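**Student:** how does the following fold in three dimensions:
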Amino acid sequence: MAVDTLDAKILRLLLEQPRTSVREYARILGIARGTVQARLDRLERDGVITAYGPRLSPAALGHPVLAFVHIEVTQGHLEDVADALAEVPEIIEAFSTTGGGDLLTRVVARDAAHLEDVIQRLISLPGVVRTRTEVALRERVPHRMLPLVEAVGQAAGPR
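**Tutor:** Next comes the predicted model:
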């Protein structure tokens with residue numbers, strides 16, 4: 001799915017001003033509201049836009065500790081372990097990976113003791129062989145999409 005310059009401008013507005021109306025996006029861009037809506041519909045249909053909603057802070061929700069837990073899984077049990085991980089509320093993301101482990105999870109906790117409790121819960125899951133944990137000290141580059149959107153839009157040029 002190609003994202004052109006206009007798509008990139010619309011995505012930029014959506015990222016920077018997510019609570020603004022389609023009509024206002026159209027006014028800012030100087031194009032018809034129907035054009036903006038059609039582009040948004042296509043971007044959703046093509047899977048570029050996957051969700052709408054606020055980004056929440058785990059720290060503000062009382063979970064300031066962030067850790068990355070690598071999980072090694074017994075062969076043939078990846079799906080079962082992944083399903084079990086989905087039941088652990090402190091796991092906010094999980095990915096199948098190559099390399100030293102089979103799964104990489106992003107885990108939040110209230111404090112170090114709570115993190116240990118979460119890790120112990122993970123270790124006790126059937127199919128989990130071992131875990132390796134890395135605690136994040138400070139976020140250096142926050143989650144972002146705008147630089148990528150701009151680079152893709154510039155590379156594509158106008159449609």
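**Student:** show residues contacting the helix or strand harbouring L148.
**Tutor:** When elements are defined using DSSP states H and E, L148 is found to belong to helix 146-156. By C-beta atoms under 8 Å, 6 or more residues apart in numbering, the surrounding residues in contact with helix 146-156 are A2, V3, D4, T5, D7, A8, K9, L11, R12, L15, E16. For the C-beta atoms, the positions are set from N, CA and C on the backbone; glycine is no exception.
**Student:** which residues in this structure form strands?
**Tutor:** Assignment of strands within the chain using DSSP state E yields the ranges 65-73, 91-96, 103-109, 128-135.
**Student:** adjacent strands (with direction) for the shortest one?
**Tutor:** In its sheet, strand 91-96 lies beside strand 103-109 (antiparallel), with partners assigned from DSSP bridges.
**Student:** follow-up on the earlier one: buried subset of the contacts of helix 146-156?
**Tutor:** Among the contacts of helix 146-156, those buried by neighbour count (16 or more other C-beta atoms under 10 Å) are V3, D4, T5, D7, A8, K9, L11, R12.
**Student:** thought the first one was touching V48?
**Tutor:** Which is V3. Yes - taking C-beta atoms under 8 Å as the definition, V3 is a contact partner of V48 at 6.5 Å.
**Student:** of the buried ones among the contacts of helix 146-156, which belong to helices?
**Tutor:** With helices identified by DSSP state H, the entries of those that belong to them are T5, D7, A8, K9, L11, R12.
**Student:** look up how far D83 lies from V73.
**Tutor:** Distance, V73 to D83, by C-beta to C-beta, to the nearest Å: 12 Å.
**Student:** these two - which one has more neighbours?
**Tutor:** For V73 against D83, the residue with the higher neighbour count under other C-beta atoms under 10 Å is V73, and the figures read 20 against 10.
**Student:** could you list the domains of the protein?
**Tutor:** The record's domain parsing of the chain by automatic domain parsing lists 5-54, 65-135.
**Student:** let's have those in CSV, adding mean pLDDT and distance to L148.
**Tutor:** Listed next are the domains of the chain as CSV, based on pLDDT from 0 to 100; distance: least, C-beta to C-beta, whole Å:
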stretch, mean pLDDT, distance to L148
domain 5-54, 95, 10
domain 65-135, 97, 18
